[in-house]
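>>> give me a model of this one.
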Amino acid sequence: GDFLHILCTHQQISRHISNKTNKNKNNNQNNNMDYIMTGHVDCASDEIGSTRKRTDTSVYSVLFNNLHQEWSNVFAACAANRLMLYKIDDFRNELTGEKNERTTLLQCYEDGDENETYYTCCWCSKKNALIPYIACAGAKGVVRVLNCKKKDFCGALVGHGGEINDLRAHPKMLNIIASASKDLSVRLWNVSNGVCVAIFAGARGHRNDVLSVDFHPELHICPESGRKDVVVIASGGMDNAVKVWSTRGANVSKSIENSEYWEDEIVEFPTAQIRAPEFSTFHAHNHFVDCVRYFGDVIFSKSVENKILAWTPDFSLPDHDGKFKKSFRKLKSFNLVDAENWWVRFSLAKECSVLCCGNTRGVVRLWKFNNDDDADDDSSSSSSDADDDDDASVEEIEEEDGKIEKDKDKLGVKKIDEPAGGDTLDKEKMKTRDTIAKKWKKDAIIVGRKLKESTDLKGLPNGTVVRQAEVSRDGKIVLAGCDGGFIYRWDLEVPLLNLI
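Okay, here's the model as predicted:
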């Protein structure tokens with residue numbers, strides 16, 4: 001259906017909470033993680049107190065804008081056939097000096113098709129533009145792109161043959177986004193001109209719905225072409241698999257650059273086809289993988305097994321014979337309770353080393369990693385201290401070499417005839433691999449250490465299903481998008497960044 005734009009600037013949902021009398025303060029043994037519930041917003045009604053158009057409303061996606069500094073206090077939410085932008089608009093009472101938490105609805109976009117349901121959204125931008133854009137997608141399999149500053153619909157990205165379950169933007173190239181779909185594929189798009197850059201699917205790809213996708217935060221080097229703009233993607237699906245893909249290859253690596261200059265409206269862009277992943281495992285989880293996120297070089301993945309797993313593919317580390325490893329190394333598992341339902345997604349804030357995830361009982365569990373500089377840096381993924389359990393199932397350390405055989409003929413480091421000066425090329429390759437190994441070790445050490453703190457955020461009605469937990473970049477605010485169309489908010493009394 002047509003995309004109907006509704007601009008809402010009048011709604012304000014504010015709650016004043018006294019720190020002295022508030023009853024929803026979490027009882028934690030460590031006061032460094034004291035969060036207070038400061039209210040909620042209703043995404044399903046047109047106005048406060050009005051009736052709802054749909055009764056099947058769930059907030060499947062909540063996302064802070066971490067890509068545009070001036071919009072860092074704005075978050076987006078998807079509910080039914082609507083995309084909403086909210087602003088954290090807190091203010092301080094001049095008379096009492098007390099802080100008042102306020103959430104303001106800035107914009108609301110509604111799809112003309114009442115049967116559409118948006119599952120996911122991501123912040124992005126056009127090439128060399130500082131203006132915030134946002135993309136959203138869902139049941140109809142079409143990605144909608146909007147200009148948040150002009151409050152205008154920019155276009156649709158069409159190509160998927162099924163529902164779109166996840167969208168992510170590359171943190172280094174904000175105009176490049178990835179979409180994960182029910183049609184067994186991951187697609188790479190350029191939002192500047194609507195070009196489909198690449199399709200990741202094939203006989204070696206996912207065998208069931210792709211539920212989640214995420215970009216590695218850095219760009220990589222292609223050994224074959226020497227290009228330094230290789231994109232790496234992790235995906236998880238209903239086939240229990242986690243796969244790592246890349247645009248490496250002499251021809252494929254040029255696709256993103258070529259898409260930047262494509263202006264032909266008659267001839268279709270030559271979309272790159274990547275049919276085999278760089279890495280694939282069915283052994284990290286025994287069920288659906290509904291959320292995959294990168295923490296530096298470490299992959300966090302979640303299934304319906306009441307745990308989030310932190311691990312890393314060993315292919316990024318060279319063997320003695322110079323070839324990449326084809327196994328994964330488990331670093332740590334984070335246990336959950338009552339999170340057996342799929343589509344219960346977690347959030348990572350690397351800047352403050354915080355992980356949070358909800359469950360089906362209205363509880364959001366939050367973990368704080370220990371990334372102190374003076375901590376023991378000699379630890380690794382295969383050797384780290386055991387955690388002290390604050391709770392019977394807060395977390396447990398699981399470490400193993402994970403020597404799992406992959407397909408022998410999977411796509412690996414391709415052997416090529418090196419030109420004159422091959423010794424120099426070998427040195428550059430080894431230098432690159434050494435850099436990767438050092439960075440991998442740093443990220444793995446942070447994750448593998450004893451957890452600094454953990455806590456449960458409560459105050460939601462019992463039985464509330466938290467579909468998406470989201471933590472702000474600085475760790476001060478935690479949001480929970482839930483079934484029923486509500487978003488709940490907790491505020492931290494002491495900013496996490498002050499504790500590092």
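
>>> Validate this expectation: residue 78 resides in a helix.
No - if the criterion is DSSP: H, G, I helix; E, B strand; the rest coil, then residue 78 is strand and not within a helix.

>>> any idea how far residue 282 is from it?
The gap separating residue 78 from residue 282 is 30 Å, by CB to CB, to the nearest Å. Every residue, glycine included, has its C-beta placed from N, CA and C.

>>> which one of these two has more residues nearby?
residue 78 (27 against 14; other CB atoms under 10 Å).

>>> my guess is that one contacts residue 118. True?
Yes - with contact defined as CB atoms under 8 Å, residue 78 counts as touching residue 118 (3.8 Å).

>>> common neighbours of the two, please.
Shared contacts of residue 78 and residue 118 (CB atoms under 8 Å, 6 or more residues apart in numbering): 60, 61, 136, 138.

>>> let me know the pLDDT of the second one.
It refers to residue 61. pLDDT recorded at residue 61 is 97.

>>> could you look up the SS state of it?
Secondary structure, three-state DSSP: residue 61 is strand.

>>> can you give me the buried ones in stretch 154-165?
154, 157, 159, 160, 163, 164, 165 (16 or more other CB atoms under 10 Å).

>>> state the distance from the second one to residue 291.
Spatial separation of residue 157 from residue 291 under the definition CB to CB is 22 Å.

>>> just list the residues touching residue 62, thanks.
Taking CB under 8 Å, 6+ apart, one finds 75, 76, 77, 468, 469, 470, 479, 480, 481, 487 in contact with residue 62.

>>> which members of the residues you listed occur in strands, if any?
If you go by DSSP state E, those have 75, 76, 77, 468, 469, 470, 479, 480, 481, 487 in strands.

>>> tell me which of the residues you listed is nearest to residue 258?
Comparing those against residue 258 with CB to CB places residue 76 closest, at 30.2 Å.

>>> quick one on the thing from earlier: let's have the shared contacts of residue 78 and residue 118 in a markdown table, adding distance to residue 37 and neighbour count.
Compiled in a markdown table, these are given as follows (distance: CB to CB, whole Å; neighbours: other CB atoms under 10 Å):
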| residue | distance to residue 37 | neighbour count |
| --- | --- | --- |
| 60 | 21 | 23 |
| 61 | 21 | 25 |
| 136 | 27 | 25 |
| 138 | 29 | 25 |
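
>>> quick one: which two of those are the most distant?
Distances among the shared contacts of residue 78 and residue 118 were taken as CB to CB; the most separated pair is 60 and 136, at 10.5 Å.

>>> now do the shared contacts for the two.
Common neighbours of residue 60 and residue 136 (criterion: CB under 8 Å, 6+ apart): 78, 118, 120.

>>> which one of those is nearest residue 173?
Closest approach to residue 173 among those (CB to CB): residue 120, at 19.2 Å.

>>> who does that closest one form a beta bridge with?
Note on residue 120: beta-bridge partners residue 137, judged by DSSP bridges.

>>> wait, it sits on residue 164?
Yes - contact criterion CB under 8 Å: residue 120 and residue 164 qualify, at 6.6 Å.

>>> list residues touching both of those two?
The contact lists of residue 120 and residue 164 share 137, 138, where a contact means CB under 8 Å, 6+ apart.

>>> specify the beta-bridge partners of the residue nearest to residue 251 when sequence neighbours are not counted.
For residue 251, ignoring the flanking residues on the chain, the nearest one in space by CB to CB, 6 or more residues apart in numbering is residue 272 at 7.2 Å. Under DSSP bridges, the beta-bridge partners of residue 272 are residue 198.

>>> how close does residue 272 get to residue 172?
19 Å.

>>> which of the two has more residues huddled nearby?
A direct count of neighbours by other CB under 10 Å for residue 272 and residue 172 places residue 272 higher, at 21 against 13.

>>> which residues touch the closest residue to residue 174 other than its chain neighbours?
In space, residue 174 comes closest to residue 125 once its chain neighbours are excluded; the distance is 4.0 Å by CB to CB, 6+ apart. Contacts of residue 125 were listed using CB under 8 Å, 6+ apart, and they are 67, 68, 131, 132, 133, 174, 175, 191.

>>> of these, buried ones?
Neighbour counting with 16+ other CB under 10 Å marks 67, 68, 132, 133, 174, 175, 191 as buried within the contacts of residue 125.

>>> tell me the helix or strand right after the helix or strand residue 310 falls within.
For residue 310, the host element (DSSP states H and E) is strand 307-313. Downstream of strand 307-313, the first helix or strand assigned by DSSP H and E is strand 328-335.

>>> may I have that next one exported as PDB, CA atoms only?
Extracted in PDB, the C-alpha atoms of strand 328-335 (Å, rounded to 0.1, in the frame of the first residue of the first chain):
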ATOM      1  CA  PHE A 328      35.000 -21.400  16.600                       C
ATOM      2  CA  ARG A 329      36.100 -20.600  20.200                       C
ATOM      3  CA  LYS A 330      33.500 -20.200  22.900                       C
ATOM      4  CA  LEU A 331      34.200 -17.300  25.300                       C
ATOM      5  CA  LYS A 332      31.300 -17.100  27.600                       C
ATOM      6  CA  SER A 333      27.600 -17.800  27.900                       C
ATOM      7  CA  PHE A 334      25.100 -15.500  29.600                       C
ATOM      8  CA  ASN A 335      22.100 -17.400  31.000                       C
END
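
>>> quick one: it to chain centroid distance?
18 Å (CA atoms, centre = their mean, to the nearest Å).

>>> one more: stretch 294-309?
With CA atoms, centre = their mean, you get 11 Å for stretch 294-309.

>>> so how far does it reach from one end to the other?
End-to-end span of stretch 294-309 (CA to CA, to the nearest Å): 12 Å.

>>> buried ones in it?
294-309.

>>> so which of those is the closest to residue 56?
Distance to residue 56, by CB to CB, is smallest for residue 304 among the buried residues of stretch 294-309, at 21.3 Å.

>>> which residues touch the residue nearest to the spatial centre of the chain?
Residue closest to the average C-alpha location in the chain (CA atoms, centre = their mean): residue 293, at 4.9 Å. Listed by CB under 8 Å, 6+ apart, the contact set of residue 293 reads 212, 214, 299, 300, 301, 346, 347, 348.

>>> quickly list what it is bridged to.
Here residue 293, judged by DSSP bridges, has bridge partners residue 300.

>>> would you quantify the distance from it to residue 462?
Counting by CB to CB - residue 293 and residue 462 are separated by 28 Å.

>>> likewise residue 291?
24 Å.

>>> can you give the strand pairings for the longest strand seen in the chain, parallel or anti for each?
In the chain, assigned by DSSP E, the strand with the most residues is strand 99-111. Counting by DSSP bridges, the strands paired with strand 99-111 are strand 3-6 (antiparallel), strand 12-15 (antiparallel), strand 82-88 (antiparallel), strand 91-92 (antiparallel).
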